[in-house]
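In: Sharing a model prediction with you, sequence too.
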Amino acid sequence: MRRQSQNNEGRTIKVLLICSILVGLLMMVLGVVFRVYVCHWVAKALFAIWIGIFVMFASGIGLCTRISQEYGPRYGPGCTLSFGLLNFLLCLAMVICLCFSMRDFDKDKWFRPPKPYLVVDPDHCVVERHVNDYYYYDRIKKHGRDGLKYGSILIGLACLEMVLTLLRCLFIGQMRGYFGATDKQRKAMVMRNDRQRNAQSI
């Protein structure tokens with residue numbers, strides 16, 4: 001029963017790594033779309049693109065590492081857990097930045113300026129001063145809707161990756177015995193104690 005449970009946990013880690021690669025790919029593609037359609041500092045920083053690339057890289061390294069059915073990643077579990085921690089922190093930073101930018105997108109969505117008004121031209125991503133021009137009313141409102149839409153999806157993907165990272169680290173820690181000795185580790189300790197007692201009795 002324990003052996004079957006360990007096999008399932010080993011396969012679960014591989015599935016979680018594959019899911020993280022897919023999430024990183026979606027994050028990178030959506031980051032490109034976000035940069036094209038949204039004129040904001042959080043889009044110019046390319047958070048989603050380079051964080052998505054890092055997520056795919058870290059998950060790919062973990063997937064290429066030999067994963068034992070009993071102990072999880074055979075080589076470099078510390079490296080795997082470190083990548084997981086960095087993954088989590090980067091996604092958390094992106095979520096925080098996107099959440100703060102949502103207020104700006106919401107202002108654009110409900111744009112009601114005085115005359116004259118100072119706007120960011122979404123077509124050229126530059127600050128310009130205009131008089132009452134209804135063309136820019138529609139453009140800025142669309143810019144706000146796009147920012148809210150793509151930003152919300154990116155926040156969802158980042159939160160999903162954070163959950164996958166936590167689950168992966170939890171399974172690895174459980175298989176490595178970080179949360180208490182496994183059955184095999186307890187048996188090895190009992191056998192070692194028996195050998196020590198036999199050696200002392202001789």
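Out: Okay, I see it. Residues are numbered from 1 along each chain as shown.

In: Kindly state the pLDDT recorded for Asp104?
Out: Note on Asp104: pLDDT of 79.

In: what's near enough to touch the nearest residue to it once chain neighbours are set aside?
Out: Counting by Cβ to Cβ, 6 or more residues apart in numbering, Asp104 lies nearest to His40, which is 6.4 Å off, once chain neighbours are set aside. Heads up, the C-betas are built off the backbone N, CA and C, glycines and all. Residues near His40 by Cβ atoms under 8 Å, 6 or more residues apart in numbering: 101, 104-105, 147.

In: other SSEs contacting the longest helix anywhere in the chain?
Out: The single longest helix within the chain, with elements called by DSSP state H, is helix 134-176. Using 3 or more Cβ pairs under 8 Å, 6 or more residues apart in numbering; DSSP states H and E as the contact definition, the elements that helix 134-176 packs against are helix 2-37, helix 47-64, strand 72-73, helix 77-109, strand 117-121.

In: same question for the second one, mean pLDDT?
Out: On average, the pLDDT along helix 47-64 is 88.

In: Ok, the shortest one next?
Out: Averaging pLDDT along strand 72-73 gives 52.

In: mind listing what the closest residue to Tyr150 other than its chain neighbours touches?
Out: In space, and not counting its chain neighbours, Tyr150 is closest to Phe34: 4.6 Å by Cβ to Cβ, 6+ apart. Neighbour list for Phe34: 43, 48, 150-151, 154 [criterion: Cβ under 8 Å, 6+ apart].

In: Format these as CSV; extra columns: distance to Met175.
Out: Below are the contacts of Phe34 laid out as CSV (distance: Cβ to Cβ, whole Å):
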residue, distance to Met175
Ala43, 40
Ala48, 32
Tyr150, 37
Gly151, 37
Leu154, 32
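
In: what number of residues lie near the nearest residue to Cys169 once chain neighbours are set aside?
Out: In this structure, Cys169 finds its nearest non-sequential neighbour in Gly84, 4.7 Å apart by Cβ to Cβ, 6+ apart. Neighbourhood size, Gly84 [other Cβ atoms under 10 Å]: 22.

In: Does Gly84 touch Leu164 like I think?
Out: No: using Cβ atoms under 8 Å, Gly84 is not in contact with Leu164, being 9.3 Å away.

In: who's in contact with the nearest residue to Lys44 once chain neighbours are set aside?
Out: The shortest distance from Lys44 to any non-neighbouring residue, by Cβ to Cβ, 6+ apart, is to Arg35 (7.2 Å). Applying Cβ under 8 Å, 6+ apart to Arg35 gives the contacts 43-44, 46, 49.

In: from the residues you listed, which two are the most distant?
Out: Using Cβ to Cβ, the two most remote members of the contacts of Arg35 are Lys44 and Ile49, lying 11.0 Å apart.

In: List the buried residues in stretch 140-156.
Out: Buried positions in stretch 140-156, judged by neighbour count with 16 or more other Cβ atoms under 10 Å: 140-141, 143-144, 146-148, 150-151, 153-155.

In: which secondary element of the chain has the worst mean pLDDT?
Out: Counting by mean pLDDT, DSSP states H and E, the weakest-scoring helix or strand in the chain turns out to be strand 126-130, with a mean of 49.
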